[in-house]
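Novice: coordinates for the following, if possible.
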Amino acid sequence: MAKNFLTLFLLPLLAVSCLSEDEIKQPFRSFVPEPAADGWTIAAPEAEGMDAEALRAVYEDFHADREAWQVRSLLVVRNGKLVAESYTKDPADRDRLHPVWSCTKQVLALLVQQAVEQGVLDEDLNRPIARYLPELLQAYPDKADITLENLLTMTSGIAFSNSGFNGGANRLLKQIPDRSTEFVLGLPVAGVPGEQFNYSAGVPQLVSAILQARLGRPVDEWADEVMIEPLGRERWEGLRYRDGMP
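Specialist: Down below sits the predicted model:
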């Protein structure tokens, strides 16, 4: 496992729904980590107070479990040392860059907090997003009263559906519209903001657009400066929509 792993953001989207795969899990062979120049110290489970046979049973179940087909790897760290790792799809996943998909929603929330602490965003998250995107929201007055908190809690009321990949709202992910932020804002309103939770890959796009507008620079560049680089991550890649800015 490379310690400086990939964090792949879709920016300014910074969020997409999790995708399924048709690959079949590979049989379990070994959980012994392979040495690599990645900063990790490798240790035997027994040396770190772990039962190797019990660990093997866990890995055998992990590889045999067809319900958890999305999970590509399982790594165990004990006392700061890598004691076990295995890959269910392809051993090359050990060094291959992969998208983190829905995890970026949480990363985006952390970036919002960082922006609040730096004074980029208001501390009060309940202010309407029209405050941050005034010109853009003039064209979509039905979205003007949505707050940043509504976006972060997936209670915007915007009728964005993550289901299906052949059209509709998921075009944001699969077809990549030229104006991704306007695409989301152009969707109908299905409810009162703050009243109903709707898991959406669309509303985080609006959060990213707000950050980008306030920063005056791409969010991935800023994220690298305030979060990725300080964490010591080196291997990561940010992707943007064609418009670059909302």
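Novice: centre-most residue in this protein?
Specialist: T104 (1.9 Å; C-alpha atoms, centre = their mean).
Novice: is that residue in contact with P204, as I believe?
Specialist: Yes - contact criterion C-beta atoms under 8 Å: T104 and P204 qualify, at 7.3 Å. Every residue, glycine included, has its C-beta placed from N, CA and C.
Novice: and the end-to-end length of stretch 81-98?
Specialist: 23 Å (C-alpha to C-alpha, to the nearest Å).
Novice: how about the helix with the most length in the chain as CSV, C-alpha atoms only?
Specialist: In the chain, taking DSSP state H as the definition, the longest helix is helix 103-117. Provided in CSV are the C-alpha atoms of helix 103-117 (Å, rounded to 0.1, in the frame of the first residue of the first chain):
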residue,chain,number,x,y,z
CYS,A,103,-16.1,10.3,0.4
THR,A,104,-15.5,13.7,-1.2
LYS,A,105,-18.7,14.9,0.3
GLN,A,106,-17.1,14.7,3.7
VAL,A,107,-13.8,16.2,2.4
LEU,A,108,-15.8,19.1,1.0
ALA,A,109,-17.4,19.6,4.4
LEU,A,110,-14.0,19.8,6.0
LEU,A,111,-13.0,22.4,3.4
VAL,A,112,-16.0,24.5,4.3
GLN,A,113,-14.9,24.4,7.9
GLN,A,114,-11.4,25.5,6.9
ALA,A,115,-12.9,28.3,4.8
VAL,A,116,-15.0,29.5,7.8
GLU,A,117,-11.9,29.5,10.0
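Novice: ok, then the element right after that helix?
Specialist: Going down the chain from helix 103-117, the next helix or strand is helix 134-138, by DSSP states H and E.
Novice: so what touches the next helix or strand after that next one?
Specialist: The helix or strand immediately downstream of helix 134-138 is helix 148-152, counting by DSSP H and E. Applying C-beta atoms under 8 Å, 6 or more residues apart in numbering, the contact partners of helix 148-152 are 109, 112, 121, 125-127, 129, 132, 156-157, 193-194, 203-204, 206-207, 210.
Novice: filter those residues to the buried ones?
Specialist: Among the contacts of helix 148-152, those classed as buried by 16 or more other C-beta atoms under 10 Å are 109, 112, 121, 125, 129, 132, 156-157, 193-194, 203-204, 206-207, 210.
Novice: biggest separation within those residues, which pair?
Specialist: The most widely separated members of the buried ones among the contacts of helix 148-152, counting by C-beta to C-beta, are L121 and G157 (21.0 Å).
Novice: burial check on V100, number of neighbours?
Specialist: V100 has 19 neighbours, counted by other C-beta atoms under 10 Å.
Novice: how close does it sit to Q106?
Specialist: Going from V100 to Q106 by C-beta to C-beta, to the nearest Å gives 10 Å.
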